[in-house]
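# sequence-free structure coming up:
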């Protein structure tokens with residue numbers, strides 16, 4: 001990236017494939033962190049519920065007109081409500097997590113900012129924060145017990161793998177001694193754009209003065225279809241055979257969009273590869289969220305924790321911890 005193309009503020013930027021500069025999310029930075037103490041979380045959930053009530057009072061034909069009008073001005077609204085895709089792509093999801101004060105061009109229309117400050121997108125920002133914290137906390141004992149073993153983070157349908165990068169950032173802030181080892185982030189995704197940005201984000205965060213400076217971290221993207229698990233089993237098996245610590249995550253991916261069969265098969269592949277720590281997000285089964293899903297057209301599967309737990313068990317895992325952000329529950333899986 002040209003040095004003069006990087007915006008001059010206190011954020012770290014990385015380049016997308018099409019040449020845009022996006023801020024790199026760092027959940028330890030107050031610019032990105034969402035307070036999730038009980039009171040703030042309660043307030044967010046209440047605001048989201050009130051927003052849903054107001055939305056339901058608007059006649060459907062008027063709501064469609066309002067959304068269509070907003071989509072002409074807002075790239076964020078357009079990505080959510082005017083797409084024919086069955087899922088929200090990794091980079092669009094990423095931009096929605098930046099927060100209103102961190103939106104770069106071309107997301108500068110007031111409608112973009114209005115969307116970014118909505119309770120639902122604020123809750124979406126919590127997904128990455130909670131997923132990264134769950135994995136970072138769980139890794140402390142694993143890394144402490146294996147002082148020199150390499151660490152491999154496998155990210156399924158991870159896009160930029162920002163949850164994996166933030167897992168490392170959290171550990172670098174609290175237990176930097178545990179990261180003095182070879183580390184690799186493996187992104188298994190059918191898309192190229194997200195991982196391209198993720199690799200650049202890692203490079204930016206390894207620069208001098210940044211949270212991951214001085215650490216030995218590699219970034220690898222593999223094309224992956226979660227309905228074909230052979231390459232996942234081969235990867236985790238090969239890594240485990242070297243004595244490495246292997247952890248996996250899928251925030252906003254497999255556990256939210258995948259079929260029951262795909263989830264179970266991927267978990268079994270991870271379990272067979274000796275993966276003891278798995279984190280990810282599970283779409284809420286709340287009725288109000290079901291209505292939101294219908295409005296967008298995305299093929300999210302609203303299982304909730306009750307619907308996901310049996311799948312985890314069939315895959316060889318159990319839900320050890322869960323944190324809610326209403327739209328989804330972020331979970332830590334341990335071997336059953």
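Cool, got the structure. Since the model is a prediction, treat every value here as computed from it, not as a measurement. Residues are numbered from 1 along each chain as shown.
# What ranges does the stretch 151-300 of the chain have for its helices?
Using DSSP state H, counting those that start in this stretch, the helices of the stretch 151-300 of the chain run over residues 162-174, 193-205, 230-241, 254-257, 260-272, 287-296.
# I'd like the ones you listed laid out as TSV, including mean pLDDT and mean neighbour count.
No exception for glycine: its C-beta is placed from N, CA and C like everyone else's. Listed next are these as TSV, based on pLDDT from 0 to 100; neighbours: other Cβ atoms under 10 Å:
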stretch	mean pLDDT	mean neighbour count
helix 162-174	96	24
helix 193-205	95	22
helix 230-241	92	16
helix 254-257	92	25
helix 260-272	96	20
helix 287-296	58	15
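# Residue 336 is nearest to which of those helices?
Each of the helices of the stretch 151-300 of the chain has some distance to residue 336 by Cβ to Cβ; the shortest is helix 260-272, at 8.6 Å.
# what's the angle from that closest one to helix 230-241?
Helix 260-272 runs at 20 degrees relative to helix 230-241, counting by axes from the mean of the first three to the mean of the last three Cα atoms, to 10 degrees.
# helices or strands next to helix 260-272 in the packing?
Counting contacts by 3 or more Cβ pairs under 8 Å, 6 or more residues apart in numbering; DSSP states H and E, helix 260-272 packs against helix 230-241, helix 254-257, helix 304-314.
# Now distance to residue 15 too, for those, in TSV please.
Output for those, formatted as TSV (distance: least, Cβ to Cβ, whole Å):
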stretch	distance to residue 15
helix 230-241	27
helix 254-257	27
helix 304-314	36
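# out of those, nearest to residue 150?
Nearest of those (Cβ to Cβ): helix 230-241, 8.1 Å.
# returning to what we had before: indicate which one of the helices and strands packed on helix 260-272 is closest to residue 283.
Closest of the helices and strands packed on helix 260-272 to residue 283 is helix 254-257, at 4.6 Å (criterion: Cβ to Cβ).
# what about the closest one, distance to the chain center?
11 Å (Cα atoms, centre = their mean, to the nearest Å).
# Show me the contact partners of that helix.
Applying Cβ atoms under 8 Å, 6 or more residues apart in numbering, the external contacts of helix 254-257 come out as 86-87, 156-157, 226, 262-263, 266, 280-283, 298-301, 303, 308, 328, 331.
# and if you look at stretch 94-107?
With Cβ under 8 Å, 6+ apart as the contact definition, stretch 94-107 has outside contacts at 7, 11, 20-23, 25, 31-32, 74-76, 79, 112-113, 115-117, 121-122, 124-125, 127-128, 159-160, 162, 194, 197.
# sorry, back to before: so which of the contacts of helix 254-257 belong to strands?
Among the contacts of helix 254-257, the members found in strands (DSSP state E) are 156, 280-283, 328, 331.
# by contact count, what packs against the lengthiest helix in the chain?
Scanning the chain for the longest helix, with DSSP state H as the assignment, gives helix 119-145. Secondary structure elements in contact with helix 119-145, counted by 3+ Cβ pairs under 8 Å, 6+ apart, are helix 38-57, helix 90-96, strand 151-156, helix 162-174, strand 245-250, strand 277-283, strand 317-324, strand 328-335.
# Out of the ones in strands among the contacts of helix 254-257, which comes closest to residue 47?
Ranked by distance to residue 47 (Cβ to Cβ), the ones in strands among the contacts of helix 254-257 are led by residue 328 at 17.1 Å.
# separation between the closest one and residue 336?
Distance of residue 328 to residue 336, given as Cβ to Cβ, to the nearest Å: 22 Å.
# Out of the helices and strands packed on helix 119-145, which gets nearest to residue 221?
Nearest of the helices and strands packed on helix 119-145 to residue 221, taken as Cβ to Cβ: strand 151-156 at 9.7 Å.
# and the angle for the closest one with helix 119-145?
Counting by the same axes, to 10 degrees, strand 151-156 points 150 degrees away from the direction of helix 119-145.
# and strand 151-156, which strands flank it?
Using DSSP bridges, the strands paired with strand 151-156 are strand 183-188 (parallel), strand 245-250 (parallel).
# Now these in CSV, please, with extra columns for mean pLDDT.
Below are these laid out as CSV (pLDDT from 0 to 100):
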stretch, mean pLDDT
strand 183-188, 97
strand 245-250, 96
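# okay, those strands in a markdown table with distance to residue 93 next?
Compiled in a markdown table, the strands paired with strand 151-156 are given as follows (distance: least, Cβ to Cβ, whole Å):
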| stretch | distance to residue 93 |
| --- | --- |
| strand 183-188 | 14 |
| strand 245-250 | 13 |
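# Out of these, the one nearest residue 47 is which?
Each of those has some distance to residue 47 by Cβ to Cβ; the shortest is strand 245-250, at 27.8 Å.
# Please name the residues that touch the closest residue to residue 157 other than its chain neighbours.
Using Cβ to Cβ, 6 or more residues apart in numbering and skipping the chain neighbours, the partner closest in space to residue 157 is residue 253 (3.0 Å). With contact set as Cβ under 8 Å, 6+ apart, residue 253 has these partners: 156-159, 226, 280-281.
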